[in-house]
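Asks: turn this into a model:
(chains A and B)
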Amino acid sequence: MLSLIIFIPLLTAIALIFVGRDNTGLIKMAGVGAATSTLLVSLWLLFAFDVNNPGMQFVQTLHWVPALHINYLVGIDGISLWMVVLTAFLGVVSILMSLNQKKDLRNFIALMLALEAGTLGVFLALDTILFYVFWELMLVPTYFIIGLWGEGRRVYATMKFVIYTLVGSLLMLVAILTLTMVHYGATHEVTFDLRILTHTHIDTFTQIWMFLFFFVAFAIKVPVFPLHSWLPHAYVACPIPALILLTGAMSKTGAYGFLRFCLPLFPEAIESMALVIGFMAASGMVYGAWIALAQKDIKALVAYSSISHLGFIVLGIFAQNGEGIEGSVLQMFNHGIIASSLFLIVGFIEFRMGTRNLGELRGLSKSMPVLYGVFMLVMLAALGLPGLNGFVGEFLILMGVWTSHLLAGLASILVLMGGLSIVFASVYMLYMFQGSMQEKPTVENNSDISSSEFKLLLPACILIILIGLYPKPIIDRVSPSVESLLHLEKTVNLETGKDTDHH
Amino acid sequence: MFASSWFILLFPLAGFIFLSWYGNRISKILVGAIGCGVVGASFLTSLVALSNLLFLPAEERVGKVQVLYQWISSADFKLDLAILVDPLSVFMFLIVTGVGFVIHIYSIGYMHDDPEYARFFSYLNLFIFSMLVLVAAADFFFLIVGWALVGLASYLLIGFYKEKTSAVLAARKAFVMNVIGDVGMVIAAFVIFESFGTLNFIEVFAAAPGTFRVNDDQILLITLLLLVGAFAKSAQLPLHTWLPDAMEGPTPVSALIHAATMVTAGVYLVARCHVLYELAPFTMYLIATVGVLTAVFAGTMGMFQYDIKRVIAYSTMSQLGYMFLAMGIGVYSLGMFHLMTHAFFKALLFLAAGSVIHAMDGEQDIRKMGGLRRVMPLTHGTFLIGALALAGFPLTSGYFSKEAIILSSYHEDMGNFIFWVIALITAGMTAFYIFRVYFSTFIGETRSPDAHPHESPKTMVLPLIILAIFALGGGLLSPLVDGFLAPVFGREVHHFHDGLLETIALIAGIGGIATAVLVYQISKDRIELMKEAFAPLYDLVFHKYYIDEIYDFLIVNPTKAIGAFMEEKAEKQGIDFAVDEVGFQVKEVSRGISFWQTGRIRTYALNMVAGMVIILLFVVFL
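Replies: Numbers count the residues shown, from 1 in each chain, chains lettered A, B, ... in the order given. Okay, the predicted model is just below:
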C-alpha cells in the first residue's frame, strides 16, 4: 500500500514524458487522476491505521542493493501518517491549481508529481539510504520548476536554493554512512534500517558532530533561522502550485527529519544543544514575524510568516516532551493547510489584480465577498485565533516548552518570544488582510473567485474549523509514536561491551 | 438536568452560521427575526437553567459541569469540551442574553437602511455566542477561546464600516490590544497547568488553597498574568486605548461592547478566579488600585469630550474601574451587581444616544445639538433615567450598586480612605459629565437649525423603555443577587450602614449634577474664558493624556522602524549577503586553484608523477 503512495505519482510523472505536449486533456486527467488516487490511498491508510500501535505499520521490504544491505524499506507511524495525508492532500490541490499553467503544461505536471512522490518517499522511507535518495529527489523537480516557470530572479533563486540544500544533504550523507559504520563497529552487521540503528549507542562526541551534520541538513530544509535566506527568494520566485507543495509539505520534511533521526539517534547531543536550538528557533519566530511586518509584497509577507511559524514547530520538537512534540506534529499539519491556503489566496488576488503590492491593493472585499470570508478565516487561523486549528498547535507547543526539562533554563524567555511573535502575527496578518480587502477600493474590479477556486480552499477551511473543534483524533494517532520515541532504549552498546538487556 | 444549557450557546452560534451563509438571500424581516430570535431563545434557555438551579439547595448549585466530549489528550494534558453551569455563569448568561436581546431588537430599527444588514446581525450573534463561551467555559482553555472569540467579534463589529479607514484602524487596534491580553492569559494557563496539572476550574480551585501559601511567587504570577487579559478586555490602565476608538462601530455595537459583553469579561474573570486572587492579596490590592485610578482617570477624560458616544465610552471605563475596585477589596457580589445595573443603564444610555444620533443624521457632536427634549420625548425621558442611574441618583439602580461599593471601599478590611476619596471624586465627576451631555443635548434651544430631528421608530424606542425600567428599578434585585451568588463566593456580602459616608456620597453625586446645571447656566464666553485659563490642562485631558501618542512613540514606531531596519540591514545586507558571499568566495577560490586545470596532458602527467613520488616517499620513510 505504501509503495502505491510513492509510485502512483512517480510512475505517472515518468509516463507523462511519453504523452504528446499538446494532448492537454490526457495530461490533465493523468495529473489529477494520479494525485487523487494517491490521496485516496492515503485516506485509506488513515482508516486502516492501528491507533494503539506505536511502531511502524504497513512495513514493506524489498532487497535493493543486497551486497550493501541497502533495502527498499518503507513504513508508517503516527508521526509520518499525518505528513503523508497532508502531502497527498496538498498534491491534489497543487495539481488542480496548476491546470491553468499555460507554459509547457506536460512537464510542469510531471515535475509536480515527481516532487510529490519525492516528498512522500521522505516521509515513508525507513532505510537511511532510501531516505537520502528521496531527499535528493525532492530537489530536482524544485530546481526545474523554479528555474523554468518561476518569476523575477528565478535562476538566482533556484541556484541558491539548490546549493544551499545540497550542502546540507551532503553533510547528512556523511552522517548516514558514519551511522552505519558505528553500528557495524558494535555488531559487525551492515544495516541501513533506521529501526535498528536507533537502538545503537553512540559516544557523546560522535553524537554531537553527527547530530550537527543532520541538523544542518534538516535546518536548511525547514528552514531554521539563520539558515533561512534561500526561502524568501525561492518562495517569491516559485509559481503558486509548486509553492503549495514547497511550503505545505517540503518544509515539513526538515521538521520530520528532526523527529525521525535527530531525536532517537542522538539523545545526548540533543540534551546538550536543545537550549541553543530552542533559542535559534524562537529567534526565528520573532525575526520572521518582525521582517514580515516590513513587507509590502503579500507573497513575501506570507513567506516570512512561514519562517516564523516554522520556528514554532522546531521549538516544540526540541522541548522533548509529549505536549511539545505532539503540538509540533499537529502544527506541521496545520501550517501545511494554512500556509498553502494563504498562498492560494495570494495567487487568486494576483491573478485578478495583476499585483501583489499592498500599496496598490485596496478594498477588494466589495467585489470579492466570498474571497473576503475565506481569507478572513484562513488569516485568523494563521494568526493563531483560539478556537481554530492554529491555536491548538501553538498552545501545545508553548505548553511543552514551558514544562520542558531541556529548555528549563530559558523556558519563560522562549515562551515570551512566542507570545511576542503571536502579537506580531496578529499585526502583520491584519495589515495584509485589511490592507488588501478593506477601506475604499481604488481600482474598479472585476470578479470574485470562481466556484472551482472556492472548492480548492473549501477543504482547508473545513479542516481549520474541525481541528479547532476536535483535535483529539489527530493527537490520538500521534501520541503512541511520540511516547515510544521519548522512551527509546539504547540496547546496542559499543563502548563498554556490557550490553544492557538483549544482544 | 443542565444538558439543555448547551442550547444557550448553540442558538446564537446557529444564528451566526445561518445568517452569514444565507443572510443575503432572505428578506430583512426574516434576518431580523432570526437574529433576535436566537438570542431570545438563548435567554429563555438561560431562564430554564436559572429555575433548575433555584430548585437545588444552595450548596448544590456549584460545580455542575456538562461534558460534551474529550477534546484533547496529549501526554499529561487532557481536556474536555465542557461548560460549567453555576450561579455565576447563569447570572452572566442572563445579562448577556437579556441585555443582548434588547440590543438586537433595537438594531432592527437602527440598522434598517444599512445594505449589510444581514452581516451585521450575524456578527451580533457571533458576539453573543463568544461571550457565552467565555462565561460558560469550565476550564481555562475554553475561557481563552471565548476570550479570543469576543476579541474577534469586537474586531468585526468595530470595523463594520470596512470602507472607513478610521474604523479599520480602530478595529485593528482593538484586536491587537486584545491579543496582548490573550497572550497573558495563555501564559497564565501554562503556569496553572504546571502547578496543578490541569486547567479545569473546579480542580484548580479545589487544589489551590492546599498548593500555595498566601503571596507565593507562583500564585502572584498566575494572578498577574490573568490580570493582563482582564485589563486588556476591560479597558483598564494601561491597556485601555482601544476602547474610545471602538466608537467607530455602529451604536448598538457600542452598547453591546460596553454593557452586556466584552468589557465585563475582565470583571467576570476575577470573580470566577476569586479563589486564586484571595491567595494573592498583593494582586487584589493592585486590582483595587488600578480600578480606582482608571475610574478617576477616565472620569477626567469624560469631562471635556464633545462626542456624545465618547463621553459615555469614558464613563464605561470609569464604571469598570468601580467594578474592579469592588473585586480588589473582595466584595465580589457587589461588583457583579454593579456589573448588572451598569449593563442596564449603560446599554440604555448608548441606545438613547444612538437614537439621538439617528435623529440627527449621524451627528455626534453635542455642541451641535440642543432642545431635543421637545421632539424626542421618549428618548429624552429614557436618557434622563440612564443619566440619573449612572450618576447614582437615589433610588435608581446605579445608586444601590455604586453607593455600596463606595461605602465598602472604606469599610472593608482591604479598603482604605484613599480608595474612598477617589471613588467619591469620580462619582462627582461622573454626575457632572453625564449631565453636561444631558443638558447640551436635550435642553435649551437647538444649535443646528438645519437638522430635522424626529422620534425614533418603535423598534428602537421599545428597547429604551424596557432598559429604562430596569435601570430605574434594578436596585430592588440587590438582595436577590447577593443571595444567588453567595454559594459561588462562599459568603454573603456584608452591607455597611454609615449615615455620614452615605450622605457625603449622595452630596458628591448631586453636587456633580448641580455643577453641570451651573456650568450650563453660565454664558458661553465664560466657558471659553475658563478654557483659556486651564488651556494646558484642558489640552492634556482632551488628548487623552497623549497616551496614544506615547504608545506610538515608545512602541509602535520603534517596532516598525526596527522591522524596516532588520529587513534592510540584517536580512538583505546581513544574512543573505553573507550567504552569497560564501558562495562567491568558494567560486573565487576555485578560480584560484583552477590554474591546475590547464587542459595540457603534459602538466597532468607531471602532476601525476609528482604525486606518485610524494606517496612513494611517504611509504618508504614512514
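Asks: can you list the weak-confidence ranges in the stretch 451-600 of chain B?
Replies: The model of the stretch 451-600 of chain B has pLDDT under 70 over residues B:451, B:521-533, B:595-596.
Asks: show me which residues of it sit near chain A.
Replies: When proximity is defined by Cβ under 8 Å from any Cβ of the partner chain, the stretch 451-600 of chain B lies next to chain A at B:559-560, B:562-564, B:566-567, B:570-571, B:575-576, B:579-580, B:583. The way it works is simple: take the backbone N, C-alpha and C, and place the C-beta from them, glycine included.
Asks: any residues touching stretch B:27-43, and which ones?
Replies: Stretch B:27-43 is contacted from outside by B:7-9, B:11-12, B:14-15, B:18-19, B:23, B:93-94, B:97-98, B:100-101, B:104-105, B:107-108, B:112, B:117-118, B:121-122, B:124-125, B:128, B:132, using Cβ atoms under 8 Å, 6 or more residues apart in numbering or on different chains.
Asks: now list the buried members of the residues you listed.
Replies: Neighbour counting by 16 or more other Cβ atoms under 10 Å in any protein chain shown classes B:7-9, B:11-12, B:14-15, B:18-19, B:23, B:93-94, B:97-98, B:100-101, B:104-105, B:107-108, B:117-118, B:121-122, B:124-125, B:128, B:132 among these as buried.
Asks: one step back: who wins on neighbours among the residues of the stretch 451-600 of chain B next to chain A?
Replies: Highest neighbour count within those: B:E571, with 22 neighbours (other Cβ atoms under 10 Å in any protein chain shown).
Asks: and for the nearest residue to that residue once chain neighbours are set aside, the neighbour number?
Replies: Computed as Cβ to Cβ, 6 or more residues apart in numbering or on different chains, the closest residue to B:E571 that is not its neighbour in sequence is A:I291, at 5.6 Å. By other Cβ under 10 Å, the residues close to A:I291 number 28.
Asks: show me what contacts A:I291?
Replies: Counted by Cβ under 8 Å, 6+ apart, A:I291 has contacts A:Y304, A:I307, B:G563, B:M566, B:E567, B:E571.
Asks: where does it sit: helix, strand or coil?
Replies: Put simply, A:I291 is helix when judged by DSSP: H, G, I helix; E, B strand; the rest coil.
Asks: how many residues are close by residue 306?
Replies: With no chain named, the answer covers chain A. 28.
Asks: my question was about chain B, not that one.
Replies: 14.
Asks: give me the distance between it and B:I366.
Replies: Here the distance between B:Y306 and B:I366 works out to 6 Å (Cβ to Cβ, to the nearest Å).
Asks: can you check A:V286 too?
Replies: Taken as Cβ to Cβ, the span from A:V286 to B:I366 is 46 Å.
Asks: who has more neighbours, these two?
Replies: B:I366 (22 against 19).
Asks: check contacts around the nearest residue to the more buried one once chain neighbours are set aside.
Replies: Of all residues not flanking B:I366 in the chain, B:S440 sits nearest, at 4.6 Å (Cβ to Cβ, 6+ apart). B:S440 makes contact with B:I366, B:R367, B:M369, B:G370, B:Y520 under the criterion Cβ under 8 Å, 6+ apart.
Asks: which among those residues end up buried?
Replies: Buried subset of those (neighbour count, 16+ other Cβ under 10 Å): B:I366, B:M369, B:G370.
Asks: helices of the stretch 301-450 of chain B, start to end?
Replies: For the stretch 301-450 of chain B, applying DSSP state H, counting those that start in this stretch gives helices covering B:308-328, B:332-359, B:372-375, B:377-391, B:397-411, B:417-442.
Asks: including mean pLDDT, could these go into TSV?
Replies: Listed next are the helices of the stretch 301-450 of chain B as TSV, based on pLDDT from 0 to 100:
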stretch	mean pLDDT
helix B:308-328	87
helix B:332-359	88
helix B:372-375	79
helix B:377-391	87
helix B:397-411	84
helix B:417-442	85
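Asks: show me the one of those helices that comes nearest B:A58.
Replies: Between B:A58 and the helices of the stretch 301-450 of chain B, the shortest gap by Cβ to Cβ is with helix B:332-359, which sits at 13.6 Å.
Asks: between that closest one and helix B:308-328, how big is the angle?
Replies: Per axes from the mean of the first three to the mean of the last three Cα atoms, to 10 degrees, the angle that helix B:332-359 makes with helix B:308-328 is 180 degrees.
Asks: chain center to helix B:332-359: distance?
Replies: The chain centre lies 15 Å from the centre of helix B:332-359; the measure is Cα atoms, centre = their mean, to the nearest Å.
Asks: export the helices of the stretch 301-450 of chain B to a markdown table and tack on distance to B:M460?
Replies: Formatted as a markdown table, the helices of the stretch 301-450 of chain B follow (distance: least, Cβ to Cβ, whole Å):
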| stretch | distance to B:M460 |
| --- | --- |
| helix B:308-328 | 16 |
| helix B:332-359 | 6 |
| helix B:372-375 | 14 |
| helix B:377-391 | 9 |
| helix B:397-411 | 22 |
| helix B:417-442 | 16 |
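Asks: out of these, the one nearest B:Q66 is which?
Replies: Nearest to B:Q66, of the helices of the stretch 301-450 of chain B and by Cβ to Cβ, is helix B:332-359 at 22.2 Å.
Asks: now do the closest residue to A:T187 other than its chain neighbours against chain B, distance only.
Replies: Computed as Cβ to Cβ, 6+ apart, the closest residue to A:T187 that is not its neighbour in sequence is A:V492, at 6.1 Å. Distance, A:V492 to chain B, by Cβ to the nearest Cβ, to the nearest Å: 28 Å.
Asks: A:H201 is in contact with A:V492, correct?
Replies: Yes - counting by Cβ atoms under 8 Å, A:V492 touches A:H201, with 6.2 Å between them.
Asks: shared neighbours, those two?
Replies: Common neighbours of A:V492 and A:H201, counting by Cβ under 8 Å, 6+ apart, are A:A186.
Asks: so what's the backbone phi/psi at B:H454?
Replies: Backbone dihedrals for B:H454, given as degrees, to the nearest 10, come out at phi -150, psi 160.
Asks: what about the strands in the stretch 1-150 of chain A?
Replies: Using DSSP state E, counting those that start in this stretch, the strands of the stretch 1-150 of chain A run over A:57-65, A:70-76.
Asks: what's the burial count for B:M612?
Replies: 10.
Asks: low-confidence regions, chain A specifically.
Replies: Filtered on pLDDT under 70, chain A yields the residue ranges A:443-446, A:493-503.
Asks: look up how far B:A298 lies from B:Y545.
Replies: Taking Cβ to Cβ, one finds B:Y545 at 11 Å from B:A298.
Asks: those two - which one has more neighbours?
Replies: For B:Y545 versus B:A298, neighbours defined as other Cβ under 10 Å are more numerous around B:A298 (29 against 13).
Asks: residues in contact with that one?
Replies: Applying Cβ under 8 Å, 6+ apart, the residues near B:A298 are B:H240, B:Y314, B:S315, B:T316, B:M317, B:S318, B:G321.
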